[in-house]
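[1] Next one to model:
(chains A, B and C)
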Amino acid sequence: MTTDAARTTTFVWIVLSAITIASWWLAPGHTRGAAAVASVPITVAVVLLGFIKGRLIIQYFMEVRTAPRWLKLFTDAWLTTLWVAVLAIYLY
Amino acid sequence: MGDFVAHTEQTAGEFDTAAASSVSSTDGQRGVHLPGDVHMWVMVLGDLIIFGAYFIIFMVYRAMKPQEFLTSQEHLNINIGVLNTLVLLASSWFIARSVQAARADDHTQALRLTYFGGLCGVAFTAIKAYEWSTKIAQGYTISSNDFFMFYYMLTGVHLFHVSLGLLILGITVRELRNPRRRRPFMVESGATYWHMVDLLWIVIFALLYVMR
Amino acid sequence: MSSTISAQTSQSAKVADNGRTPRAGKRDVWLVFWIVPAFYTAFGVIFFALARVMPPPRPDVTTDQMVHFFHAHGLTIKIGFGVLVLIVGGAGVANGIVVYHMKRMTVGSVMAYAYLGSMSIGALPGCLLVAFCFLTAVYRPGRDRQVLALLYDLGLLSYVGSLGCFTTAYFAFAVAILYDRNNIFPKWLAYVSVWQIVTEVLAVPVFVSKAGPFAWNGSIAFWMGTVIFGFWLSCVIVFLMKANERQPVDEPPLD
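    Predicted coordinates:
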């Protein structure tokens, strides 16, 4: 039984999995033998992707998309605060 | 033990402004609906704040020794990290689908999907145990350095949440198997908790394995 | 007197004309209740101001510094911990009244006794061991430095490291609340208790960590644990009070 909701859920899952596999390329251990090197663009990408993945899970899997406004605000605030703080500390 | 009841309908009703949990063939939640019950959301939101604090403290210590964290990170197996992430994402997909099935009163399907979700959770645990044992065999223990202490503690407390999640999924299974129960808020609450476990792992994966 | 308090069923309290639930509860239970905030206030004064154990002194110090700690705070340690030994029964009372209300839950007494047992086990390392270690340390001037260092470590490791002892208690508390149909305590308090367990899991590394967030004075092992414990304790005290209020005066005595 494939309904609209089921299709949406599956699509979100595929996007999340695709982003995860993309992270594989970004990760340090991927290229063996290369020394560990810090990379601001990669980390910025990781933070952005982390935010997107988190929001997808919250809005679609946890169904916050159709939840009361206070919950939408709280979860968005948490996501934003977390990733902004992570990036800020990293860049400092 | 008694029923996992003790929940007044009033609490769920306070937030269920539109009667959106009605069954329809196209499913989809119209209007505003708080999945599960407010108590579980207290748990989830509080847990997110607590973990948020742990993540920020991690970043602060990382900023104090960036090179040590970078070189230590190299010793993590990114393949296992990716695999674990995919497994947990799949489990969340199963659980999200099981909630939809429960709403459509297809309880056999909901049960089956919950089992699959739980199975993924078990797989995650097994993979994590394997990962830890290889790291320890290679000599990277909790007292190796700050990075590894964070690695074991963050993944460890996350694993504790996974175990709790499996317990909660067990309660969901019990709920779904009994025709006299099958209360939507119970199934939804369990799913909400499980998705939180997934969400936390996404952050842990990004911070420990990927970012540099 | 009780004749002026209207008869109430054991399931729900009647609501007074102005919409608020009239204060009920049994007089002896109220007496016992007030011991709880009184004890924990005294506990706070002792541990923060007198014994200087909250926040704990650092693990990454030299033997000289440990010796200095005992010299500097000898008097307040004696006063604070000396008093603690006298009033520590208050912890037992606090556990007792929680058990009392847990026994009024529909899950029966098993969880209540698990809570009581686990809390009792935790009481020795949880606050008494550090008291005796520190009292011993300051008892004789000129004590051997290595012995002082040992008492320092033993006291503080047991104080912070014993958090795990209470895990079973919080688990029993959470399970009991979630399964209770009498709604003695609100359901979300069970989840706050789960947070307690989480912070305790994160305090386990104190036994291998000398500095940083997982040391016995660390931001994660100590501070976050203490903040969440403070929140949990405040909630428990408030809801003990509410449980008292909602308890009908004529409820039969418990088994």
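
[2] drop to CA atoms for contacts and neighbour counts, all remaining ones
    OK.

[3] Let's see the pLDDT reported for residue 18.
    In the absence of a named chain, this looks at chain A. Looking at A:Ala18, its pLDDT reads 96.

[4] could you do chain B instead?
    Confidence score, pLDDT, at B:Ala18: 37.

[5] Skipping adjacent residues, who's closest to residue 79 in space?
    Just going to use chain A. Leaving aside its chain neighbours, A:Leu79 sits nearest to A:Phe51 (6.5 Å; criterion: Cα to Cα, 6 or more residues apart in numbering or on different chains).

[6] actually chain B
    Leaving out its chain neighbours, the residue that sits closest to B:Asn79 by Cα to Cα, 6+ apart is A:Trp24, at 7.7 Å.

[7] Pull the number of nearby residues for that neighbour.
    A:Trp24 has 17 neighbouring residues, counting by other Cα atoms under 10 Å in any protein chain shown.

[8] any idea how far chain C is from it?
    Between A:Trp24 and chain C the distance is 29 Å, computed by Cα to the nearest Cα, to the nearest Å.

[9] Pull out the buried residues from the helix or strand harbouring B:Phe116.
    For B:Phe116, the enclosing helix or strand under DSSP states H and E is helix B:107-137. Judged by neighbour count using 16 or more other Cα atoms under 10 Å in any protein chain shown, the buried positions of helix B:107-137 are B:107, B:109-118, B:120-125, B:127-128, B:131-132, B:135.

[10] Could you tell me the phi and psi values at whichever residue of the stretch 1-150 of chain C sits closest to chain B?
    Closest approach between the stretch 1-150 of chain C and chain B, counting by Cα to the nearest Cα: C:Val107, at 6.1 Å. Backbone geometry at C:Val107, expressed as degrees, to the nearest 10, gives phi -80, psi -10.

[11] Not counting sequence-adjacent ones, nearest residue to the residue of chain B found nearest chain A?
    Using Cα to the nearest Cα, B:Val210 is the residue of chain B that sits closest to chain A, at 4.4 Å. Once flanking residues are discounted, B:Val210 sits nearest to A:Ala27: 4.4 Å by Cα to Cα, 6+ apart.

[12] Tell me who's in contact with the one you found.
    Shown in contact with A:Ala27 (Cα atoms under 8 Å, 6 or more residues apart in numbering or on different chains): B:Ile78, B:Tyr209, B:Val210, B:Met211, B:Arg212.

[13] Give me the pLDDT for B:Gly13.
    38.

[14] looking at chain B, which residue ends up farthest from its center?
    Largest separation from the mean C-alpha position in chain B: B:Gln67, at 31.2 Å (Cα atoms, centre = their mean).

[15] For A:Trp25, see how far away that residue is.
    Distance, B:Gln67 to A:Trp25, using Cα to Cα, to the nearest Å: 21 Å.

[16] quick one: C:Leu233 from chain A, how far?
    To chain A, C:Leu233 is 25 Å away according to Cα to the nearest Cα.

[17] Tell me the secondary structure at B:His33.
    coil (DSSP: H, G, I helix; E, B strand; the rest coil).

[18] what's it sitting at in phi/psi?
    The phi/psi pair for B:His33 (degrees, to the nearest 10) is phi -150, psi 130.

[19] And the one 4 residues further on, by the same measure?
    Main-chain torsions, B:Asp37, degrees, to the nearest 10: phi -130, psi 160.

[20] The closest residue to C:Leu135 other than its chain neighbours: how many residues sit nearby?
    Spatially, and ignoring its direct neighbours in sequence, C:Leu135 is nearest to C:Lys78 (6.1 Å; Cα to Cα, 6+ apart). C:Lys78 is flanked by 19 other residues according to other Cα under 10 Å.

[21] swap in A:Ile42?
    Residues near A:Ile42, counting by other Cα under 10 Å, number 18.

[22] Only alpha carbons, please: show the helix or strand hosting it as PDB.
    Taking DSSP H and E as the criterion, A:Ile42 maps to helix A:40-56. Taking Å, rounded to 0.1, in the frame of the first residue of the first chain, the C-alpha atoms of helix A:40-56 are listed here in PDB:
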ATOM      1  CA  VAL A  40      37.400  24.700   6.200                       C
ATOM      2  CA  PRO A  41      35.300  24.200   3.100                       C
ATOM      3  CA  ILE A  42      34.800  20.500   3.900                       C
ATOM      4  CA  THR A  43      33.800  21.300   7.500                       C
ATOM      5  CA  VAL A  44      31.400  24.000   6.300                       C
ATOM      6  CA  ALA A  45      29.900  21.400   4.000                       C
ATOM      7  CA  VAL A  46      29.600  18.900   6.800                       C
ATOM      8  CA  VAL A  47      27.900  21.500   9.000                       C
ATOM      9  CA  LEU A  48      25.400  22.400   6.300                       C
ATOM     10  CA  LEU A  49      24.700  18.800   5.500                       C
ATOM     11  CA  GLY A  50      24.300  18.000   9.200                       C
ATOM     12  CA  PHE A  51      21.800  20.700   9.500                       C
ATOM     13  CA  ILE A  52      19.900  19.600   6.400                       C
ATOM     14  CA  LYS A  53      19.800  15.900   7.500                       C
ATOM     15  CA  GLY A  54      18.700  16.900  11.000                       C
ATOM     16  CA  ARG A  55      15.900  19.000   9.700                       C
ATOM     17  CA  LEU A  56      14.700  16.300   7.300                       C
END
